[in-house]
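K.L.:
Okay, structure incoming, though there's no sequence with it:
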């Protein structure tokens, strides 16, 4: 995890748990756009006793006054996660919610920003609106919904924001990169990409850097908290335009100008369509087009930047 101080001595402190695809994008946005300075702290995902000591070390490094934002973009779960995997992740989230509650006092307001998953919550649903009800179909989605509910029920925090991104892609050193980046990287290296959907499967692809910039703005310049709404405020982060796997493949083929070696799973486990209405997205959110996003990832990978 990383502790960042935004904008010099007077800026808020950010406790960023998770530095993978999305967490790394949040970190970059805070450092590049808001002049944040950071310090890394160890945080063990597997040893609860060690995490308790590590949370004490993190708390000791914080000032006694001034706003804090705890940001959860971590976890090692995915669509294939089991009930046990999600129970472990949800327990870690509960620990961090309790940490945020402990850190808060009159001179130190504390916000909590939680990354959830639109894909996990709305799998097989199309034309999702702001009124659509999550209906998870696997442990991954059920666990994410339980994490959201835990934050919504948490007392004593100032702002509680939940972000539900759709299918995320981007340049990262993380092992989990998503379909778009895997296709680009493998095409550039002449490797085969295994696809667990089918060519017609519809997904809504969103660039990690867009999410990072949006969260950074919400963290640094939140709305006034004079009358915070009950529960947690939820933001759907998607493009509002779905694309088939075939369209993604063709756009990447055009951009990298190399053949794509593909292996479609004969028994695909991830074939359900998902789509989201543009009207369900935040009014201050702007998503990069898929074509532009692919071009940016290709440029990053060719230049060795992540």
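P.N.:
Structure received. Because the structure is a prediction, the values reported are computed rather than measured.
K.L.:
any chance you could map the strands in the stretch 1-150 of the chain?
P.N.:
With DSSP state E, counting those that start in this stretch, the ranges of strands along the stretch 1-150 of the chain come out as 2-5, 13-17, 37-40, 68-72, 110-115.
K.L.:
for those, which one sits closest to residue 246?
P.N.:
Taking CB to CB, strand 110-115 is the member of the strands of the stretch 1-150 of the chain nearest to residue 246, at 28.8 Å. C-beta: built from backbone N, CA, C; applies to glycine.
K.L.:
what about this structure, any weak spots by pLDDT?
P.N.:
Applying pLDDT under 70 to the chain picks out residues 8-10, 223-230, 305-306.
K.L.:
mind listing the helices for it?
P.N.:
Under the criterion DSSP state H, helices of the chain are mapped to 21-34, 48-60, 83-103, 118-122, 139-152, 178-189, 208-220, 245-256, 290-303.
K.L.:
returning to what we had before: mind putting the strands of the stretch 1-150 of the chain into TSV with distance to residue 174 and mean neighbour count?
P.N.:
Converted to TSV, those look like this (distance: least, CB to CB, whole Å; neighbours: other CB atoms under 10 Å):
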stretch	distance to residue 174	mean neighbour count
strand 2-5	14	20
strand 13-17	14	25
strand 37-40	16	12
strand 68-72	16	25
strand 110-115	14	24
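K.L.:
Including distance to residue 261, could the ones you listed go into TSV?
P.N.:
Below are the strands of the stretch 1-150 of the chain laid out as TSV (distance: least, CB to CB, whole Å):
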stretch	distance to residue 261
strand 2-5	37
strand 13-17	36
strand 37-40	37
strand 68-72	36
strand 110-115	32
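K.L.:
nearest to residue 231, of those?
P.N.:
strand 110-115 (12.1 Å).
K.L.:
For that closest one, which strands pair with it and how are they oriented?
P.N.:
Strand 110-115 pairs in its sheet with strand 68-72 (parallel), strand 160-165 (parallel), by DSSP bridges.
K.L.:
now the angle from the first one to helix 139-152?
P.N.:
For strand 68-72 against helix 139-152, the angle between stretch directions is 160 degrees (axes from the mean of the first three to the mean of the last three CA atoms, to 10 degrees).
K.L.:
so strand 68-72 versus helix 21-34, what angle?
P.N.:
Using the same axes, to 10 degrees: strand 68-72 against helix 21-34 is 150 degrees.
K.L.:
Name the residues that touch strand 68-72?
P.N.:
12-18, 23, 26, 62, 93, 96, 99-100, 103-104, 108-115, 215, 219 (CB atoms under 8 Å, 6 or more residues apart in numbering).
K.L.:
run the last query once more with 6 Å
P.N.:
For strand 68-72, the external contacting residues (CB atoms under 6 Å, 6 or more residues apart in numbering) are 13-17, 96, 100, 110-114, 219.
K.L.:
Brilliant, that's me finished.
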